[in-house]
Every structure is written in C-alpha cells, then in structure tokens.
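> fold the stuff below for me.
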Amino acid sequence: MEETITFEEAMKKLETIAETLGEGNLSLEESLKRFEEGMELCKFCNKKLDEAGYKVEKLMEKEGSEISVEEFQAKAEE
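Predicted structure coming up:
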C-alpha cells in the first residue's frame, strides 16, 4: 500500500469497499479482491491511529514541561 495516502483517503476507500461488498453484486473472485484491499486499508488506518495515540501519550506525559513530540517507533509484528 502506498504510504503517500492519507488516513482520511484510506477511510473513504474503506467505506466505499464496504458499501460495494454490502450490495452483493460482485463475483466471488472480485469480492475477495476487494476484501483483501479493505484489510490492507484497515491495517494502514490502525497503524496511523496507533501512531497518533502514541504521540498523544507522549504529549500527555510531558504535561507541565515543554511540549514536544517524539517519533513513533512501530512495534515488531509478532
């Protein structure tokens, strides 16, 4: 998946995929292809949300001192 896509764009694509799948007009093969694309978008969105949550936590920890944002270090997949 492209890393240049924004969270908002990914969510919009995910919504479109969900609507299309919900209509039930696709072949099984096309449905699986769209489902796979949706899962990739879901992973991307979850990663972006995790990164945002991490930054918020770091900002909250530094409350009362100079506010700064630390870079997010992704956890290794288990």
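
> what's the burial count for residue 19?
By the measure other Cβ atoms under 10 Å, the count of residues near residue 19 is 9. Using the backbone N, CA and C atoms, a C-beta is placed for each residue, glycine as well.

> surely residue 31 meets residue 18?
No: in terms of Cβ atoms under 8 Å, residue 31 does not count as a neighbour of residue 18; the distance is 11.8 Å.

> now do the buried residues in the host helix or strand of residue 41.
Using DSSP states H and E, residue 41 sits in helix 28-61. The neighbour-count check on helix 28-61 (16 or more other Cβ atoms under 10 Å) flags 34, 38, 41, 44-45, 47-48, 54 as buried.

> let's have those in TSV, adding distance to residue 27 and pLDDT.
As requested, the buried residues of helix 28-61 are exported to TSV (distance: Cβ to Cβ, whole Å; pLDDT from 0 to 100):
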residue	distance to residue 27	pLDDT
34	10	97
38	16	97
41	21	97
44	25	96
45	26	96
47	30	94
48	31	94
54	40	87
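
> ok, the residues you listed vs residue 6, which is closest?
Closest to residue 6 out of the buried residues of helix 28-61 is residue 48 (8.6 Å), distances taken as Cβ to Cβ.

> what sits against the residue nearest to the spatial centre of the chain?
In the chain, the centroid-proximal residue (Cα atoms, centre = their mean) is residue 45; its distance is 0.5 Å. Residues near residue 45 by Cβ atoms under 8 Å, 6 or more residues apart in numbering: 7, 10-11, 14.

> in the protein, where is pLDDT below threshold?
For the chain, applying pLDDT under 70 flags the ranges 1-3, 63-78.

> could you redo the last one with a cut-off of 80?
Of all residues in the chain, those with pLDDT under 80 make up the ranges 1-3, 57-78.

> helices or strands up against the host helix or strand of residue 21?
Per DSSP H and E, residue 21 falls inside helix 7-23. Helix 7-23 sits against helix 28-61, with contacts defined as 3 or more Cβ pairs under 8 Å, 6 or more residues apart in numbering; DSSP states H and E.
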